[in-house]
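# turn this into a model:
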Amino acid sequence: MPSLSSLLLRIPDEFKPLAAIGIGAAILVILVLLHGVGLHTILVQFKRSEIRLRVGRPHRIRAAFVFGWSVFLMLFLHILEITTWAFSLVYLGLILRATNAIYFVANAYTTLGYGTVDLDPHWRNISPIIAISGLFTFAWTTSTLVSIVSGYVKLVEQLEQERATEKDLRTAAREAEWDVLVNETKTEHADRLETRKRAREASFLERRKIWKEEKQKEKDLEAVDKAEIDNLRRKERLDEDKLGQGPPSSDSEVGK
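This next block holds a predicted model:
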C-alpha cells in the first residue's frame, strides 16, 4: 500500500495548492478543537483549586503554584500543537527532518515569519494556515488567561484578608493564654501568702497538712488553667479552619 507522502506526489501540480489548503484546514480544525478541550480542562482545574483554596487556612504559596501551573499547562498546550503540526508535515513528506519541521512551524505558528526552512512552492499555502491556527489558539489562550488572572487576583486578595484575620486570631489567643498564666501566678501567690499565714499559727503536723493541701490546690489550678489554654488553642484552630466560610465562632459555640 503506497504511503500518504507518495500519494501526495501523484497529485497534479495545479491541484497541489488546493490540496494544501484542504489538508491545512483539516489539521487546523482538529487542533483548535483539541486546544479548546485543553483550555477547558485547565480552567476547570484552576477553578476547582481556587474553590479549595478559598476555604480554610490561607495558603498563598499554594495559590501561586496553582496559577503558575495553569500558565505552564497553557504553554505546553501550544508546544504540543506546534509539535503536532511539525510531525504532520514530516509524515506528509513536505519536510524531511523533524527538527527543521519544528523550526518552520514555530516561526509560522507565532507569525514570526523568519526562517531559512520553507515548503515546496506547491504546498506553501499550508504556511498561512499554520499562522491562522496560531492566531486562533493564542487569542483563545489570552481570553482564558485573562479569566485565570482575574480569578487569581481576587483569590490573593481574599487570602491576604484571611491571613490578616489569622494573625489577629493568633494574637488574641496568645494574649488570652498570657492572661490565664498571669491570673494563675497571681492566684498561686495569694494562696501561698494565705497558706504561710495559716501555717504560722498551726502545729508541725497541721503545717504539713496545710502545705500538702496547698500543693494539691496548685496542681488542680494548673490542670484547670491547662485545660483552659487547650480550649483556647482548639478554638483558635477551629476559627482558622473556618476562614473563608464565615465569621469566627463564638465562645458559646465552642463550648457546645
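# would you map the helices across the stretch 51-200 of the chain?
Ranges of helices in the stretch 51-200 of the chain, per DSSP state H, counting those that start in this stretch, are 60-91, 98-109, 126-200.
# now render the ones you listed as a markdown table, adding distance to Leu39.
The way it works is simple: take the backbone N, C-alpha and C, and place the C-beta from them, glycine included. Output for the helices of the stretch 51-200 of the chain, formatted as a markdown table (distance: least, Cβ to Cβ, whole Å):
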| stretch | distance to Leu39 |
| --- | --- |
| helix 60-91 | 7 |
| helix 98-109 | 16 |
| helix 126-200 | 5 |
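# let me have those in TSV, extended by distance to Glu228 and mean neighbour count.
Output for the helices of the stretch 51-200 of the chain, formatted as TSV (distance: least, Cβ to Cβ, whole Å; neighbours: other Cβ atoms under 10 Å):
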stretch	distance to Glu228	mean neighbour count
helix 60-91	32	17
helix 98-109	66	20
helix 126-200	5	15
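# can you add mean pLDDT and give those helices back as a markdown table?
Formatted as a markdown table, the helices of the stretch 51-200 of the chain follow (pLDDT from 0 to 100):
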| stretch | mean pLDDT |
| --- | --- |
| helix 60-91 | 93 |
| helix 98-109 | 91 |
| helix 126-200 | 83 |
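# quick one: closest of those to Ile23.
helix 126-200 (6.8 Å; Cβ to Cβ).
# now do the following helix or strand past that closest one: distance to the chain's middle.
Next along the chain after helix 126-200, taking DSSP states H and E as the criterion, comes helix 204-241. Mean C-alpha position of helix 204-241 versus that of the full chain (Cα atoms, centre = their mean, to the nearest Å) differs by 43 Å.
# and the angle for helix 204-241 with helix 126-200?
160 degrees (axes from the mean of the first three to the mean of the last three Cα atoms, to 10 degrees).
# which of the helices of the stretch 51-200 of the chain sits closest to Ile30?
Ile30 lies closest, by Cβ to Cβ, to one member of the helices of the stretch 51-200 of the chain: helix 60-91, at 8.5 Å.
# who are the packing partners of the closest one?
Applying 3 or more Cβ pairs under 8 Å, 6 or more residues apart in numbering; DSSP states H and E, we find helix 60-91 packed against helix 16-54, helix 98-109, helix 126-200.
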